[in-house]
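# Show me how the following folds:
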Amino acid sequence: MTARTPARTPADRRQAAMALPPLPDADAAVIDAFLDATWAESGLARPTLDSYRRDLGGFARWRDGRGGGLAGADRAALFDYLAWRMREGYSPRSNARLLSALRAFFGWRLRRGDRDDDPTALLEPPRLPRSLPKALAESQVDALLAAPDVDTPLGLRDRAMLELMYACGLRVSELAGLPATALNLRQGVLRVTGKGGKERLVPLGEEARHWIECYLAQSRPQLAGKRVLAPLFLGTGGEAPSRQQVWQLVKRYAAAAGIDPARISPHGLRHSFATHLLNHGADLRALQMLLGHSSLSTTQIYTLVAREQLKQLHARHHPRG
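Now for the predicted structure:
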């Protein structure tokens, strides 16, 4: 029995991507046409379209090395590719994402009449391990939010950013691209554009509102200078922080607050927002609206997190726990 290749890390995938051969012209053209049509029909977010491009491009290159093309692939070719990926150590989650891209692509080809069959029809997605979202304790969130040095312009900006992420349960992509016009301090709400371009209104809360007002009055004018700039949060050059920069600052402040940086990410603040609301009696439907979930089943995962925390609390403190 041959040993299974260890799972590929993000660094492995980046290195492999740098050595990729160019896509055949025919495959590049059909992928571009599919992405344009998908964006027009469904309004998918840019990161989703980029993910589709990477996954379809990977399959197209693999097929090209074996004398085939993307558009004409049959079920046997898909089976062979998925089997090859498993041997190469790709994770079940990565393969499930690939299968989603392939289903969307061949479904589009079928609707256009370019094919009379769907080679993904009988392919089962890999079984994914069920993992619960990792939420911080409320005391840990307090320590994280207090970590920035608010006596500096960037520190005050970072405090306002962290407060807003936690108060509104924002995705990192929603925060990084947030325009100043999305904020209504008079009404105390934030207009958020989420996945698929869907908009939702989220209350700010008194604490986040206070720190944003301080940032707007003291820090943002120093960062903007005399320029009129659209983003709400600015860097020293007047640009909006990237998603990667937000990741880095959350990790940095987590370490300063005594929290293991491996246990926290910007999305961890969103998980904490949802879990803490449920712990304090929030309604699941209301939470769904605040998070911008299209399906209630996506929101229900947080009830499991809250239940697990109650079990741990019982085990720690009950005399027969």
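# mind listing the strands for the stretch 101-250 of the chain?
For the stretch 101-250 of the chain, the strands defined by DSSP state E, counting those that start in this stretch cover 183-184, 189-193, 199-203.
# now do the same end-to-end measure for stretch 137-157.
23 Å (CA to CA, to the nearest Å).
# before we move on, the earlier item: point out the most buried one among the strands of the stretch 101-250 of the chain.
strand 189-193 (a mean of 19; mean count of other CB atoms under 10 Å). C-beta coordinates here come from the backbone N, C-alpha and C atoms, glycine included.
# tell me what that strand is packed against?
Contacts defined by 3 or more CB pairs under 8 Å, 6 or more residues apart in numbering; DSSP states H and E place strand 189-193 against helix 153-168, strand 183-184, strand 199-203.
# and of the strands of the stretch 101-250 of the chain, who's closest to Gly57?
When these are compared by CB to CB, strand 189-193 sits nearest Gly57, at 27.6 Å.
# average pLDDT across the closest one?
Strand 189-193 shows a mean pLDDT of 91.
# again with stretch 281-294
Mean predicted confidence for stretch 281-294 is 81.
# returning to what we had before: in a markdown table: the helices and strands packed on strand 189-193, plus distance to Tyr81 and mean pLDDT.
Output for those, formatted as a markdown table (distance: least, CB to CB, whole Å; pLDDT from 0 to 100):
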| stretch | distance to Tyr81 | mean pLDDT |
| --- | --- | --- |
| helix 153-168 | 38 | 94 |
| strand 183-184 | 46 | 93 |
| strand 199-203 | 38 | 89 |
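# and of those, who's closest to Leu110?
strand 199-203 (32.1 Å).
# How about residues contacting that closest one?
Contact with strand 199-203 is made by 167-169, 188-194, 289-290, 292, as judged by CB atoms under 8 Å, 6 or more residues apart in numbering.
# circling back to that earlier point, ok, which of the strands of the stretch 101-250 of the chain comes nearest Arg53?
strand 189-193 (22.0 Å).
# With just CA atoms, put that closest one into PDB.
Extracted C-alpha coordinates of strand 189-193, given in PDB (Å, rounded to 0.1, in the frame of the first residue of the first chain):
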ATOM      1  CA  VAL A 189     -26.300  51.900  11.100                       C
ATOM      2  CA  LEU A 190     -23.900  50.600   8.600                       C
ATOM      3  CA  ARG A 191     -24.900  49.600   5.000                       C
ATOM      4  CA  VAL A 192     -22.900  46.500   4.100                       C
ATOM      5  CA  THR A 193     -22.600  45.100   0.600                       C
END
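# From the rest of the structure, what touches it?
164, 168, 170, 174, 177-178, 182-184, 199-204, 292.
# Mind telling me the two of these farthest from one another?
Gly177 and Pro203 (20.3 Å).
# All set now, cheers.
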